[in-house]
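J.: Mind looking at a prediction? Sequence and model below.
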Amino acid sequence: MTKKNSLTASFLGLSTQLRRFVSRIVAPDDVEDIVQETFIKSYEADLKKDIKYARSYMLRTAKHLALNHVAKWDNKYNDSLEESSEYQQALSSLQLEDEVTSKERFLLFCRATEQLSQSVRKCFILKKVYGMSQKEIAQQMQLSESTVEKHIAKGLLQSMQYMHAHEHIGRPRSFSEQGQAPARRVGK
């Protein structure tokens, strides 16, 4: 499947959820326009730079387009939506959803790094989480810079593969959905 077909397939699989999501923010007559514009903006962005997490990108784009639409409507009619409890509730719901999505992605990242061998995990985390240079990591772990570079690349590849394979419509499955807690793998 080509890159563009993949984005289109992601959109088609997500379109019903996007409609529901956007309908909580804008009037029913505007939902389809926002959803279509979401696809167009996502497609244009993907042409410029590959979108790795299409679902998250499209949901965030839809949210921003819907909120911008509401803001334009608000300015046009000078009807302060800030005082509307319905608007405040929708905004709180979106903030909560963003927070939950962020925490779920972090937990998925943690599970992905648990699957790495000990030396790969340590190099990968020192680089990606602590921002250390390859040279600093090599000195600290008493490895060659080439080995550190390979470990980081391996950690990135395996983590991305794990996250992609374990995302369930853009979110990791909970332990109860999996039927068990993730097993800890002893490093090599």
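T.: Looks like it came in fine. Numbering: from 1, shown residues only.

J.: what's the distance between the most centrally placed residue in the chain and K122?
T.: The residue lying closest to the centre of the chain (Cα atoms, centre = their mean) is S56, at 4.3 Å. S56 sits 28 Å away from K122, taking Cβ to Cβ, to the nearest Å as the criterion. C-beta: built from backbone N, CA, C; applies to glycine.

J.: Next: K48.
T.: K48 is 35 Å from K122, by Cβ to Cβ.

J.: So what touches the strand or helix carrying the residue nearest to the centre of the chain?
T.: Here S56 sits within helix 54-77, counting by DSSP states H and E. Defining contact as Cβ atoms under 8 Å, 6 or more residues apart in numbering, one finds that helix 54-77 is touched by 6-7, 10-11, 14, 17-18, 21-22, 25-26, 30, 34-35, 37-39, 41-42, 45-46, 51, 79-81, 87, 94, 101, 105, 167, 169-170.

J.: Give the buried residues for stretch 151-158.
T.: H151, I152, K154, G155, Q158 (16 or more other Cβ atoms under 10 Å).

J.: and the first one, that's in a strand?
T.: No: when DSSP: H, G, I helix; E, B strand; the rest coil is applied, H151 is found to be helix, with no strand at that position.

J.: ok, it touching I125?
T.: No: counting by Cβ atoms under 8 Å, H151 does not reach I125; the two are 10.5 Å apart.

J.: Which one's more surrounded, K48 and K122?
T.: Using other Cβ atoms under 10 Å as the criterion, K48 and K122 rank with K122 on top: 20 against 7.

J.: Go ahead and confirm the more buried one touches Q142.
T.: No: counting by Cβ under 8 Å, K122 does not reach Q142; the two are 11.8 Å apart.

J.: between the buried residues of stretch 151-158, which is closest to Q115?
T.: Q158 (6.7 Å; Cβ to Cβ).

J.: Which secondary structure elements does the strand or helix carrying that closest one sit against?
T.: According to DSSP H and E, Q158 maps onto helix 145-166. Judged by 3 or more Cβ pairs under 8 Å, 6 or more residues apart in numbering; DSSP states H and E, the packing partners of helix 145-166 are helix 85-114, helix 118-128, helix 134-141.

J.: So which of these is the most surrounded?
T.: helix 118-128 (a mean of 19; mean count of other Cβ atoms under 10 Å).

J.: And V31, how close does it get to K154?
T.: 44 Å.

J.: should've said A138
T.: From A138 to K154 the distance is 15 Å (Cβ to Cβ).
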